[in-house]
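K.L.:
here is the input, now give the coordinates:
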Amino acid sequence: MASEKGCLVLKLNDVFCSRDSLSLVTEFVPYHLNDVITDPRRPQDDGFLRHFFIQILQGIKHIHSRGIMHRKS
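P.N.:
Sure, this is the predicted structure:
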């Protein structure tokens, strides 16, 4: 999976499996999408959020083009 690393895709560092769970360890990201959207210090124009969501869609397109599935946990 390391070859899929790009600026819009998180690096997968490790995977832990047990009988009833699967845990993925990714690189640290210091914020969540909700933090970005609700941050009162962020630019108040729609262009900022549009750019942010375009980056998300480009990252999804990148992994889908390589046959990688995903889901939000």
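K.L.:
which element is Val15 on?
P.N.:
If you go by DSSP states H and E, Val15 is part of strand 12-17.
K.L.:
just the CA atoms of that strand, as CSV, please.
P.N.:
Output of strand 12-17 as CSV, limited to C-alpha atoms (Å, rounded to 0.1, in the frame of the first residue of the first chain):
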residue,chain,number,x,y,z
LEU,A,12,-1.3,3.0,6.0
ASN,A,13,1.3,2.1,8.7
ASP,A,14,-0.1,-1.1,10.2
VAL,A,15,-3.1,-3.4,10.4
PHE,A,16,-4.2,-5.3,13.5
CYS,A,17,-6.8,-8.1,13.2
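K.L.:
list the strands paired with that strand, with their directions.
P.N.:
strand 22-26 (antiparallel) (DSSP bridges).
K.L.:
tell me how far the strand holding Val15 is from the chain's mean position?
P.N.:
Centroid separation for strand 12-17 versus its chain: 16 Å, with C-alpha atoms, centre = their mean, to the nearest Å.
K.L.:
give me the buried positions along it.
P.N.:
Judged by neighbour count (16 or more other C-beta atoms under 10 Å), strand 12-17 contains no buried residues. Quick note: C-beta positions are derived from backbone N, CA and C, even for glycine.
K.L.:
average pLDDT across it?
P.N.:
Mean pLDDT, strand 12-17: 92.
K.L.:
likewise for stretch 40-60?
P.N.:
The average pLDDT for stretch 40-60 rounds to 84.
K.L.:
got the CA coordinates for it in CSV?
P.N.:
Presented in CSV, the C-alpha positions along stretch 40-60 are these (Å, rounded to 0.1, in the frame of the first residue of the first chain):
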residue,chain,number,x,y,z
PRO,A,40,-14.5,30.0,13.2
ARG,A,41,-11.0,31.0,12.1
ARG,A,42,-11.3,29.5,8.6
PRO,A,43,-11.9,31.7,5.6
GLN,A,44,-15.7,32.4,5.4
ASP,A,45,-15.9,32.0,1.6
ASP,A,46,-17.4,29.0,-0.1
GLY,A,47,-14.3,28.7,-2.3
PHE,A,48,-12.3,27.4,0.7
LEU,A,49,-14.7,24.5,1.4
ARG,A,50,-15.1,23.8,-2.3
HIS,A,51,-11.3,23.4,-2.7
PHE,A,52,-11.2,21.2,0.4
PHE,A,53,-14.0,18.9,-0.9
ILE,A,54,-12.4,18.7,-4.3
GLN,A,55,-9.2,17.4,-2.7
ILE,A,56,-11.3,14.7,-0.9
LEU,A,57,-12.9,13.7,-4.2
GLN,A,58,-9.5,13.6,-6.0
GLY,A,59,-8.1,11.4,-3.2
ILE,A,60,-11.1,9.0,-3.6
